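> Give me a model of this one.
(one chain, ligands or ions: 1)
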Amino acid sequence: MPYIDPPLFVRFIAFLLLSAFNLWSWTHLRDVIDVASGVKRRLAAVGFLLMFLPSSIVLLPTHSSVVWIDAQALVWLLLAWNVFLLVLLFTFRKKKLVHVGASESAKTEADIDLRRRGLLRASAVGIPILTLNKSIGDLSHTDDYEVVYKTVSIRRLADKLKGLRIAMIADIHSGPFMSKTDIDPYIGRINSLQPDLILLPGDFVQSRNEEVDPLCESIRGLRAPYGIYGCTGNHEYIADVEYISREIQNAGVTMLRNEHRVLDIHGEKLALIGLDDIRAGHPFHSSFRHAVRGLDPSLPNITMCHKPYYFEEASEYDLDLVVSGHTHGGQIVLARVFNIVITPAALLSGYVEGLYRLDRAQMYVTRGIGMSGLPIRLNCPPEITVLTLE
Ligand SMILES: [Fe+2]
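Numbering: from 1, shown residues only. Below is the predicted model:
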């Protein structure tokens, strides 16, 4: 699935749908809020105009100088805005219903259980806020992450390479919601796991060049005898991808940008391929062919590709293992039913987290450690992955 801006007519339809929802919310809010006074009427009119601002953003192309947030962030922001409207509507409606019920039954003020009414109102507003606060609070505790161990069978793997341990974190998103203090515990934990190799498949920063500085201070401390390798993610392109890649390389991470390395481990060979983030104008096949030029196809191989959306294409090359991130495991997960993750991110792709197989190819999608769009991870803990080859 190429990562491109939707055409204008699609964005226009999205605008109409969002505006229709906002209009519906406003008319219902207007019904339940007493707007008899002039001040309230004016406030309601301002609210009406403001409602259309978020939905108007979808008309603008993302990655432009006007819209500084990426499409994924935009989806979350619009979702949050509409959920906020629903909570507001529900809260005022509850208030109105309690009030009407009291007058119709001609109850005196003393007859109305004011404490119960207050509790209802507090619940309507408080529960969503508490849930949000808890989620945001959870984020500050980086010890809430999960170390996920997975054994992956690789064809043609030499006996000497069996048991090789690869640690991986993706989607660090160094920036406003991921400081050096947040990153350091992950670095310490990875080192304590004593991996043979470390992979960092993209989204090192959120959106700005200076965000790479604290990250580099942290990742300089990573240790693995067979090296630390990375590839670019889409967020490196929101900042200056050349600058970010160079800084990370200087911090001791070998950035594979549509290129490969053949590792010599215990005298046996393992090919490591890294792809730049697949973007409009740079299809998977051309990036991949460039990356494997001169590589012996019979070698066992691992490919870093930030987005997991190209697994079908990757499977055409019988790749042993593709490692990806990008999805953040959905970041906000409503429920898990067996292996199915119910999250809005599943609307974009069926590859959300975990190990996938297609013909002879395999792909592991890590949940990553950072956040994009909303600073919330719900029911979706950050992940350090440890892959053991066999
Ligand atoms: Fe990401």
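
> Output the set of residues of the stretch 151-300 of the chain in proximity to the ion.
171, 203 (CB under 5 Å from the ion). To be clear about C-beta, it is placed using only N, CA and C from the backbone, and glycine gets the same treatment.

> And the helices in the stretch 151-300 of the chain?
Using DSSP state H, counting those that start in this stretch, the helices of the stretch 151-300 of the chain run over 180-192, 212-219, 234-238, 241-250, 284-291.

> Please identify the most buried of those helices.
helix 234-238 (a mean of 23; mean count of other CB atoms under 10 Å).

> Surely residue 308 and residue 349 touch.
Yes - between residue 308 and residue 349 there is a contact at 6.5 Å, judged by CB atoms under 8 Å.

> got any ranges where this structure has weak pLDDT?
By pLDDT under 70, the low-scoring segments of the chain are 1-11, 14, 29-41, 44-45, 47-81, 88, 92-143.

> What residue spans form the domains of it?
8-139, 146-389 (automatic domain parsing).

> Point out the most buried one among these.
For those, the highest mean count by mean count of other CB under 10 Å goes to domain 146-389, at a mean of 19.

> shared neighbours of residue 308 and residue 349, anything?
residue 327 (CB atoms under 8 Å, 6 or more residues apart in numbering).

> can you pull out the strands in the protein?
146-152, 165-168, 197-201, 228-231, 254-255, 259-265, 268-274, 301-304, 321-324, 335-337, 340-342, 354-358, 361-365, 383-389 (DSSP state E).

> For those, give me a markdown table that also has distance to residue 183.
A markdown table is the format used below for the strands of the chain (distance: least, CB to CB, whole Å):
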| stretch | distance to residue 183 |
| --- | --- |
| strand 146-152 | 16 |
| strand 165-168 | 14 |
| strand 197-201 | 12 |
| strand 228-231 | 14 |
| strand 254-255 | 18 |
| strand 259-265 | 25 |
| strand 268-274 | 21 |
| strand 301-304 | 19 |
| strand 321-324 | 20 |
| strand 335-337 | 27 |
| strand 340-342 | 25 |
| strand 354-358 | 24 |
| strand 361-365 | 21 |
| strand 383-389 | 12 |
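
> quick one: which of those is nearest residue 175?
Minimum separation from residue 175 across these (CB to CB) falls at strand 197-201, 15.9 Å.

> just how off-centre is that closest one within its chain?
With CA atoms, centre = their mean, to the nearest Å as the basis, strand 197-201 stands 18 Å off its chain's centre.

> which helices and strands sit right next to that strand?
The elements that strand 197-201 packs onto, with contact taken as 3 or more CB pairs under 8 Å, 6 or more residues apart in numbering; DSSP states H and E, are strand 165-168, strand 228-231, strand 301-304, strand 321-324.

> One more pass at 6 Å, please.
Strand 197-201 is packed against strand 165-168, strand 228-231, with contacts defined by 3 or more CB pairs under 6 Å, 6 or more residues apart in numbering; DSSP states H and E.

> okay if I get those strands as a markdown table plus distance to residue 86?
Shown next, in a markdown table, are those (distance: least, CB to CB, whole Å):
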| stretch | distance to residue 86 |
| --- | --- |
| strand 165-168 | 38 |
| strand 228-231 | 39 |
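
> nearest to residue 154, of the ones you listed?
Using CB to CB, those put strand 165-168 closest to residue 154, at 10.9 Å.

> Tell me the strands beside that closest one, with direction?
strand 197-201 (parallel), strand 383-389 (antiparallel) (DSSP bridges).

> Once you drop chain neighbours, what's closest to the spatially most central residue of the chain?
Centroid-nearest residue in the chain: residue 328, 3.8 Å away (criterion: CA atoms, centre = their mean). Leaving aside its chain neighbours, residue 328 sits nearest to residue 368 (5.1 Å; criterion: CB to CB, 6 or more residues apart in numbering).

> In this structure that neighbour contacts residue 330, no?
No - judged on CB atoms under 6 Å, residue 368 makes no contact with residue 330 at a distance of 10.8 Å.

> residues contacting residue 244?
Residue 244 sits next to 205, 212, 236 when contact means CB atoms under 6 Å, 6 or more residues apart in numbering.

> can you redo those as CSV with distance to residue 218?
Formatted as CSV, those follow (distance: CB to CB, whole Å):
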residue, distance to residue 218
205, 12
212, 11
236, 17
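
> Which of those sits closest to residue 243?
The closest of the contacts of residue 244, once distances to residue 243 are taken by CB to CB, is residue 212, at 7.5 Å.

> What sits closest to that closest one if chain neighbours are left out?
Residue 212 sits nearest to residue 247 (CB to CB, 6+ apart), 4.7 Å away.

> next one: residue 270
Per CB to CB, 6+ apart, closest to residue 270 is residue 263, 4.7 Å.

> Phi, psi for residue 352 please.
Dihedral pair for residue 352: phi -110, psi -50, per degrees, to the nearest 10.

> related to what we said a few turns ago, quick one: the residue nearest to residue 270 from residue 239, how far?
29 Å (CB to CB, to the nearest Å).

> Ok, residue 42 next?
42 Å.

> Look up which residues are beta-bridged to the residue lying closest to residue 336 once chain neighbours are set aside.
Using CB to CB, 6+ apart and skipping the chain neighbours, the partner closest in space to residue 336 is residue 342 (7.0 Å). As for beta bridges, residue 342 partners with residue 335 under DSSP bridges.

> check contacts around residue 269.
Under the criterion of CB under 6 Å, 6+ apart, the neighbours of residue 269 are 262, 299.

> quick one: the closest residue to residue 266 other than its chain neighbours from the ion, how far?
Of all residues not flanking residue 266 in the chain, residue 160 sits nearest, at 4.1 Å (CB to CB, 6+ apart). Separation of residue 160 from the ion (CB to the ion, to the nearest Å): 35 Å.
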